[in-house]
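Novice: Mind folding the following:
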Amino acid sequence: MPVITFKYTDLEEFGINIENDKLIDIIPMMGSDIEDFNDDEIKVEFFPNRPDNLSIEGVARSFKGFISQEVGLPNYKLNDSNEKVIVSDEILEIRPYIGFAKIKGTNFKGDKLKQIMDFQENLHWVIGRDRKKVAIGIHNADVITAPYKYIASSKDENSFIALETESEMTPDEILKDHEKGAKYSHLLESFDKYPIILDNDNQVLSMPPIINGELTKLTEDTENVIVDVTGTDEKAVNQTLNIICSSFAEGGAQIETIEVVYPNETIITPNLKTQEKTVHVDLANKLIGGTSLNADDIAKLLKKARFDSELINDNEVKAIIPSYRIDILHEVDVVENIAIQYCINKVEAELPDVSTIASEHNWFKSEKTIREVMIGLGFQEVMSLMLTSEKSHYENMLQSEDEHVEVLKPITIDRTMIRKSLINSLMEFLEDNKHEDLPQKLFEIGDVLYLDDTKETKVKTVKKLAGVICHSSANFTEMKTNITTILDNLGYSMEISSSDNPSFISGRVANLKGSSENGTISGFFGEISPKVIRNFTLEYPVIAFEITF
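Specialist: From the prediction side, this is the model:
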């Protein structure tokens, strides 16, 4: 999860004077965890559903509400900069959305510059999915002039000095030779042209989503900045811009809007428009449990959450929600904020009025048999998270990325999707335990998730069994012997056929089908490709199988 570090004295700049011990007691009640602290600073871990709290400004804003020092909706004034950014036709096929803002009167003294950079990077993966969905650029506004241009540049045009370099490079050279360019080149590799942001004098501000230019590098003396947010999701772009601008404004800076001129329309960014949700008093008391709040109580608690509120009647309260609170999607989300402001520790525990008679599901009975067979063959069971990453699941396994269930707000950058296979998780276990003695034989029984439009939930859960063996002489014949024994003990006959699974060595992999009176199964087994083995930094041959029930 994202962690922000700040000094106790940083809060004093926002008028918060509180003893360190009391601060440490209060912060977890706001929906966060304290990772570490000492006499000077504190490290706080926030869940990804609150990206507005990933800056010291956001923390101070929320904290002042929680202790009733400052309540209600923050009022951030928007001025017109009379500047614009012109979006070209060609860029709409590459990275089509952009938000622009001008911020005057910024303060980057002391730790402020590092804090804003950390804030930017946290937003890159909490909302931006490691820049794929959203990328952010923050530029010194005093060395560039409007109007700005957002264009699709040829690979060998618009050379510029990238951040932390000394010589000009073309966009193509940056993707090949620059550290950041190589890391994020996969985001642009399918295009013939690349996104570039220019000023009126054709000076390059940045090459989103890769790197900013050295020209607009921020320093402690920078007072005015241009913020650009580009991406493939218009809503996410605007939400990210709102969060950044609100954070600057909370720190005392002035936000100015900029016109974004698309080929077919012109919009003004940022747009700090609020949203409204109706909260029902009876629902709030029911969901929180152990409370008897009335409409007036809820209105006051909403203001502590930095919302505004209006009484509708004795059972309904209107919550007016700031633009930076992108986590509020439903009335239940508002109730969660009411519970936090009420203070979770005040809620009295109650036993649920539910009684059931449980019985073991048939699948779990089958699992016991499978587990006994695998352990009898010398395999050790592991249990991994259903969450993985596109890099581990697809890139490392040499598989083409297809439709899958993504995590909207991932806790960590390596847990961004729900798995469709078990093998990459087993390979990760081998990687983490490569210091252990060989041979290593691992298996897992678990669920995977597929998209399925025929179901009401749009997803389908599938049960799978997978295993891997790693040692110096592991080969196809060994795995075939194991898989034959497994299926025989489970009562399945087996048929095998050729396979072109790219995760395995060609000619040393097979598909399988099994049948019994209980139904049919399918799967594959073979020798893992040396490229996959290297991707997981392993040094010995690996053989693997996976069965779908």
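
Novice: Which stretches in the stretch 351-500 of the chain count as strands?
Specialist: 380-381, 387-388, 417-418, 440-451, 459-470, 493-498 (DSSP state E, counting those that start in this stretch).

Novice: What of the stretch 1-150 of the chain?
Specialist: Using DSSP E, counting those that start in this stretch, strands in the stretch 1-150 of the chain cover 3-7, 32-37, 41-46, 78-87, 97-104, 134-140, 148-154.

Novice: Name the stretch among those that sits most buried.
Specialist: strand 134-140 (a mean of 25; mean count of other Cβ atoms under 10 Å). C-beta here means a position set from N, CA and C on the backbone, and glycine is covered the same way.

Novice: still on that earlier bit, how about the strands of the stretch 351-500 of the chain, which one is nearest Phe37?
Specialist: strand 387-388 (28.6 Å; Cβ to Cβ).

Novice: Which elements pack onto the closest one?
Specialist: Here strand 387-388 touches strand 417-418, going by 3 or more Cβ pairs under 8 Å, 6 or more residues apart in numbering; DSSP states H and E.

Novice: Compute the distance from the centre of the strand it packs on to the centre of its chain.
Specialist: 11 Å (Cα atoms, centre = their mean, to the nearest Å).

Novice: Show me what that strand packs onto, helices and strands only.
Specialist: With contacts defined as 3+ Cβ pairs under 8 Å, 6+ apart, strand 417-418 has these neighbours: strand 387-388.

Novice: what lines up beside the strand it packs on in the sheet?
Specialist: Strand pairing for strand 387-388, determined by DSSP bridges: strand 417-418 (antiparallel).

Novice: pLDDT of the partner strand, averaged?
Specialist: The predicted model assigns strand 417-418 a mean pLDDT of 90.

Novice: swap in stretch 284-302?
Specialist: Rounded mean pLDDT across stretch 284-302 is 92.

Novice: Now it: buried residues?
Specialist: Ala284, Asn285, Ile288, Thr291, Leu293, Ala295, Asp297, Ile298, Ala299, Leu301, Leu302 (16 or more other Cβ atoms under 10 Å).

Novice: circling back to that earlier point, now render the strands of the stretch 1-150 of the chain as JSON lines, adding distance to Ile547.
Specialist: Shown next, in JSON lines, are the strands of the stretch 1-150 of the chain (distance: least, Cβ to Cβ, whole Å):
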{"stretch": "strand 3-7", "distance to Ile547": "40"}
{"stretch": "strand 32-37", "distance to Ile547": "39"}
{"stretch": "strand 41-46", "distance to Ile547": "38"}
{"stretch": "strand 78-87", "distance to Ile547": "50"}
{"stretch": "strand 97-104", "distance to Ile547": "43"}
{"stretch": "strand 134-140", "distance to Ile547": "39"}
{"stretch": "strand 148-154", "distance to Ile547": "47"}
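
Novice: Export those as a markdown table, with columns for distance to Asp25 and mean pLDDT.
Specialist: Conversion of the strands of the stretch 1-150 of the chain to a markdown table gives the following (distance: least, Cβ to Cβ, whole Å; pLDDT from 0 to 100):
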| stretch | distance to Asp25 | mean pLDDT |
| --- | --- | --- |
| strand 3-7 | 17 | 85 |
| strand 32-37 | 10 | 86 |
| strand 41-46 | 12 | 86 |
| strand 78-87 | 37 | 95 |
| strand 97-104 | 34 | 96 |
| strand 134-140 | 34 | 95 |
| strand 148-154 | 47 | 95 |
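
Novice: And the ones you listed: which comes nearest Ile16?
Specialist: It is, among these and with distance given as Cβ to Cβ, strand 3-7, at 11.3 Å.

Novice: Nearest to Asn242, out of the strands of the stretch 351-500 of the chain?
Specialist: strand 417-418 (26.2 Å).

Novice: quick revisit: which stretch among the strands of the stretch 351-500 of the chain comes nearest Ser55?
Specialist: strand 387-388 (26.0 Å).

Novice: Need the contact partners of the closest one.
Specialist: Val407, Pro410, Asp414, Arg415, Thr416, Met417, Ile418, Arg419, Asn424, Ser425 (Cβ atoms under 8 Å, 6 or more residues apart in numbering).

Novice: Any of the residues you listed buried? List them.
Specialist: Among those, the ones that count as buried by 16+ other Cβ under 10 Å are Val407, Pro410, Asp414, Thr416, Met417, Ile418, Arg419, Asn424, Ser425.

Novice: closest to Ser497 among the residues you listed?
Specialist: Asn424 (23.5 Å).

Novice: my guess is that closest one contacts Ser392, does it?
Specialist: Yes - counting by Cβ atoms under 8 Å, Asn424 does reach Ser392; the two are 5.0 Å apart.

Novice: so who does Phe476 touch?
Specialist: Counted by Cβ under 8 Å, 6+ apart, Phe476 has contacts Arg508, Val509, Gly526, Glu527, Ile543.

Novice: and the gap between the closest residue to the fourth one other than its chain neighbours and Thr484?
Specialist: Spelled out, it's Glu527. Once flanking residues are discounted, Glu527 sits nearest to Arg508: 4.2 Å by Cβ to Cβ, 6 or more residues apart in numbering. Between Arg508 and Thr484 the distance is 16 Å, computed by Cβ to Cβ, to the nearest Å.
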